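Peer 1: next come a sequence and a model predicted from it.
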Amino acid sequence: TSSGYESMLRDSEASSSHNDSTSESSVSGVIKAARFHLKRKSRSSSSSSRSRSRSAPPRSGETSKSTQSLASVRVCSPRLAAGEAVDADDLRRLRVEEAEEIAKQIHYERIHELLARQDDLKHELMEAKERLMVERSSWSFDLHVAEHMDPDQPCFLEALQRETEILAKRVEACKSHIMMVSCFDVNQRISKSQIPVATTVA
């Protein structure tokens, strides 16, 4: 997967600014999907809290262990109606569904974090390129994962992580270049200021 992804990045190194704008529109679609899952998680949490308040039975010292067990099932799985009989298969199915939903929410939260990180790095790279006086039309961000891959693919998160790391290295390389050029310029000025002025003898 990594070799194929790196090949895709090399083949796309000559992307124009038009491709960057197209990529940004694709990335915005992924961001919307991530925000949808985050909002869904928030609504699910509030719904879960309301279900707990309605379905949890009053606690007392005489409550049996079996009743406590059923109450805990209602708390963890608000999809079950109050008083509904629960068998082992239904419980396992609900637990699997909830685990899958949690995993998907975590997946999209991580995607949202990486895309936000990419936005920050893009701004830093633009500023560094401007300081180096590099023409904007001569380079691109080379961000293609969100544009060409489905965010639900198993390898999407790994590819996005690797792409973000590559972008961060490019930013660091530009900043290092700026430091080197700045130091060279300062040393050159110091050297010129230390050259003795020739005096003419009348």
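Peer 2: That came through, no problem. Numbering: from 1, shown residues only.

Peer 1: can we go C-alpha only for contacts and neighbour counts from here?
Peer 2: Will do.

Peer 1: by mean pLDDT, flag the weakest helix or strand of the chain.
Peer 2: Using mean pLDDT, DSSP states H and E, helix 65-76 stands out as the lowest-scoring helix or strand of the chain, at a mean of 42.

Peer 1: what's near enough to touch residue 128?
Peer 2: Taking CA atoms under 8 Å, 6 or more residues apart in numbering, we find residue 128 in contact with 171, 174, 175, 178.

Peer 1: same question for residue 160.
Peer 2: 111, 114, 145, 146.

Peer 1: sec struct for the closest residue to the third one other than its chain neighbours, please.
Peer 2: With CA to CA, 6 or more residues apart in numbering as the criterion, residue 145 has its nearest non-adjacent residue at 6.0 Å, and that residue is residue 160. With DSSP: H, G, I helix; E, B strand; the rest coil as the basis, the three-state label of residue 160 is helix.

Peer 1: rewinding a little: which of the contacts of residue 128 fall within helices?
Peer 2: 171, 174, 175, 178 (DSSP state H).

Peer 1: what is the nearest of the residues you listed to residue 129?
Peer 2: residue 174 (7.1 Å; CA to CA).

Peer 1: I figured that closest one hits residue 131, correct?
Peer 2: No: using CA atoms under 8 Å, residue 174 makes no contact with residue 131, being 9.4 Å away.

Peer 1: quick one: which of these two has more around it?
Peer 2: The neighbour count for residue 174 versus residue 131, taken as other CA atoms under 10 Å, is higher for residue 174 (20 against 12).

Peer 1: pLDDT score assigned to the more buried one?
Peer 2: We note a pLDDT of 95 for residue 174 in this prediction.

Peer 1: same question, the one 10 residues further on
Peer 2: At residue 184, the predicted lDDT confidence score is 74.

Peer 1: helix or strand: which one has it?
Peer 2: Residue 184 is part of helix 156-194 when elements are defined by DSSP states H and E.

Peer 1: same check on residue 147?
Peer 2: With DSSP H and E as criterion, residue 147 is part of helix 145-148.

Peer 1: brilliant, that's me finished.
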